[in-house]
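# Build me a model from this:
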Amino acid sequence: MNQKQCIKKYLNKFFPAVISNLISEYDDTKCELTIKCNFNFTHCNAILSDKYIITNSNTSELKIWNTHNGKCELLGDKYVWITCCAVLSEKQIVTGSANGVIKIWNIHTKSCESIIKAHSYLISCITILPGNTSRHGSYIISASDDMTIKMWNMTSSECELTLKGHSNKIHSCEIFSDRRGIRLISGSYDNTFKIWNIETGECERTIEGQLKRSNGIVLYKDCDMHLVCYSNERSVKIWNTFTKTCVTIGKKYNLITCFTVLTCGSNTHLVTGSYDGTITIWNTETGECQLTLHGHSKAVSCFNTLNDGRIISGSKDCTLKIWDIHSWYHNNNCDLTLEGHSESVIYCSVLQDGRVVSGSEDNILKIWKID
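Now for the predicted structure:
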């Protein structure tokens with residue numbers, strides 16, 4: 001932590017009112033906007049547009065932030081923990097709650113337009129079924145701690161399909177398409193993934209041997225659809241959802257903390273961040289390490305990809321770093337370091353206009369303009 005960050009951390013601890021008023025004086029010149037949040041563990045749930053982002057922090061309220069002036073608007077109900085959300089349109093979002101209820105909100109009027117008593121336990125994730133299926137109308141798919149997945153018709157608020165098969169809580173679900181058409185994949189704490197036919201409700205495939213306590217999944221497509229997952233252990237697994245083959249990636253001595261998938265031309269790479277602050281690029285077909293990047297002094301906590309193809313990483317060393325993937329084999333130094341947070345950076349996302357949003361344990365959101 002440099003001298004500037006030490007000063008900010010000290011002031012924020014002992015003189016919060018002072019640091020709230022003066023914090024912009026410490027910001028890096030590339031930081032366009034600093035937003036002081038009145039809750040812990042700043043996390044971005046969704047991006048509505050270049051103008052608005054949504055944050056949540058295990059509370060009953062979602063906060064909608066204007067990325068140009070920092071103003072905040074609230075959605076939600078008192079005493080009901082909002083656990084997940086998804087964007088339906090530029091004016092609508094859908095939320096899932098700890099009490100098993102789905103609500104559809106109008107962003108402009110701040111009103112709840114529809115309420116669905118969906119599950120008997122907490123809703124863990126929500127996704128939207130794309131319109132290019134044989135089903136007509138708009139559909140919401142919800143997964144729950146009650147071990148079921150349900151498909152809801154947004155027009156009638158009726159459940160048209162219930163998927164059962166997991167024997168423990170469901171932590172994730174995603175829509176994807178492959179050579180067979182559109183499918184749903186779900187991950188559960190029963191250590192399996194299941195691939196579902198959303199037309200018939202049939203479970204077409206169960207992938208066993210999932211890493212325990214999986215904390216994240218990513219889907220990417222080349223010739224077939226691939227599933228990537230990790231669980232705060234020393235390896236990442238990549239499954240081909242069609243052939244069921246699996247590639248295991250990782251170093252036995254290094255704890256993986258986050259990952260992302262990058263496509264460079266016809267090549268796909270897996271990028272992992274580690275507890276020791278290094279970033280590693282892997283061949284997704286062979287599992288071989290292609291390059292290790294050094295720059296962060298503490299654990300890497302988050303990744304994203306800029307519009308020009310460069311990587312941006314956030315770390316517990318309170319910084320964000322930008323890496324040029326096109327010069328991996330010529331120069332493995334970072335292009336740019338962004339300083340301004342006084343605690344661990346735990347989230348970074350990229351707006352369509354190229355600006356970067358970062359969230360930190362210092363309860364601050366920052367909007368960065370990247371050259």
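# Where does pLDDT dip in the stretch 51-200 of the chain?
57-60, 78-79, 131-137 (pLDDT under 70).
# how about the strands in it?
Ranges of strands in the stretch 51-200 of the chain, per DSSP state E, counting those that start in this stretch, are 52-55, 61-66, 72-76, 82-87, 92-97, 101-106, 111-117, 123-129, 139-144, 148-153, 159-164, 170-178, 181-188, 192-197.
# what pairs with the last one, and is each one parallel or antiparallel?
Meaning strand 192-197. strand 181-188 (antiparallel), strand 203-208 (antiparallel) (DSSP bridges).
# Repeat that for the second one.
In the sheet containing strand 61-66, the strands it pairs with under DSSP bridges are strand 52-55 (antiparallel), strand 72-76 (antiparallel).
# pLDDT weak spots in the stretch 251-371 of the chain?
Scanning the stretch 251-371 of the chain with the threshold set as pLDDT under 70 gives 251-253, 265, 326-333.
# picking up where we left off before, now render the strands of the stretch 51-200 of the chain as TSV, adding distance to I238.
Any C-beta I mention is one placed from the backbone N, CA and C, and that applies to glycine too. Output for the strands of the stretch 51-200 of the chain, formatted as TSV (distance: least, C-beta to C-beta, whole Å):
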stretch	distance to I238
strand 52-55	30
strand 61-66	33
strand 72-76	37
strand 82-87	25
strand 92-97	28
strand 101-106	32
strand 111-117	35
strand 123-129	21
strand 139-144	22
strand 148-153	23
strand 159-164	24
strand 170-178	14
strand 181-188	14
strand 192-197	12
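# Mind putting these into a markdown table with mean neighbour count and distance to T34?
Shown next, in a markdown table, are the strands of the stretch 51-200 of the chain (neighbours: other C-beta atoms under 10 Å; distance: least, C-beta to C-beta, whole Å):
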| stretch | mean neighbour count | distance to T34 |
| --- | --- | --- |
| strand 52-55 | 22 | 14 |
| strand 61-66 | 20 | 12 |
| strand 72-76 | 16 | 13 |
| strand 82-87 | 20 | 24 |
| strand 92-97 | 23 | 25 |
| strand 101-106 | 20 | 27 |
| strand 111-117 | 14 | 30 |
| strand 123-129 | 21 | 30 |
| strand 139-144 | 24 | 35 |
| strand 148-153 | 22 | 39 |
| strand 159-164 | 15 | 44 |
| strand 170-178 | 18 | 32 |
| strand 181-188 | 20 | 36 |
| strand 192-197 | 20 | 40 |
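# For T260, which of these is the nearest?
Proximity to T260 (C-beta to C-beta) singles out strand 170-178 among the strands of the stretch 51-200 of the chain, at 15.3 Å.
# Can you give the distance of that closest one from its chain's centre?
Strand 170-178 sits 14 Å away from the centroid of its parent chain (C-alpha atoms, centre = their mean, to the nearest Å).
# now do stretch 103-113
For stretch 103-113, the distance to the chain centre is 23 Å (C-alpha atoms, centre = their mean).
# what do you get for stretch 236-253?
For stretch 236-253, the distance to the chain centre is 21 Å (C-alpha atoms, centre = their mean).
# Check which residues of that stretch are buried.
236-241, 247, 249-251 (16 or more other C-beta atoms under 10 Å).
# Hmm, G96 and W105 touching each other?
No: judged on C-beta atoms under 8 Å, W105 makes no contact with G96 at a distance of 12.0 Å.
# a markdown table for the strands paired with strand 192-197, including distance to I54?
Formatted as a markdown table, those follow (distance: least, C-beta to C-beta, whole Å):
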| stretch | distance to I54 |
| --- | --- |
| strand 181-188 | 23 |
| strand 203-208 | 31 |
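# closest to Q352 out of those?
Proximity to Q352, assessed across those by C-beta to C-beta, is greatest for strand 181-188 (24.9 Å).
# what's the angle from the closest one to strand 159-164?
50 degrees (axes from the mean of the first three to the mean of the last three C-alpha atoms, to 10 degrees).
# now the angle from strand 181-188 to strand 139-144?
Interaxial angle, strand 181-188 versus strand 139-144 (the same axes, to 10 degrees): 20 degrees.
# so what's D145 closest to, chain neighbours aside?
Closest residue in space to D145, ignoring its immediate chain neighbours: Y121 at 4.0 Å, by C-beta to C-beta, 6 or more residues apart in numbering.
# Just give me the neighbour total for the one you found.
Counted with other C-beta atoms under 10 Å, residues neighbouring Y121 total 14.
# Contacts only, for it.
100, 144-146 (C-beta atoms under 8 Å, 6 or more residues apart in numbering).
# how much space between it and T83?
11 Å (C-beta to C-beta, to the nearest Å).
# Please apply the same query to E174.
Counting by C-beta to C-beta, the gap from E174 to T83 is 17 Å.
# Kindly report the same for K110.
20 Å.
# Most neighbours out of the contacts of Y121, which is it?
S144 (21 neighbours).
# who's that one bridged to?
I123.
# One more: T292?
T292 has these beta-bridge partners by DSSP bridges: T280.
# Can you give me the neighbour number for it?
14.
# so which of the strands of the stretch 51-200 of the chain gets nearest V218?
V218 lies closest to strand 170-178 among the strands of the stretch 51-200 of the chain, at 8.8 Å (C-beta to C-beta).
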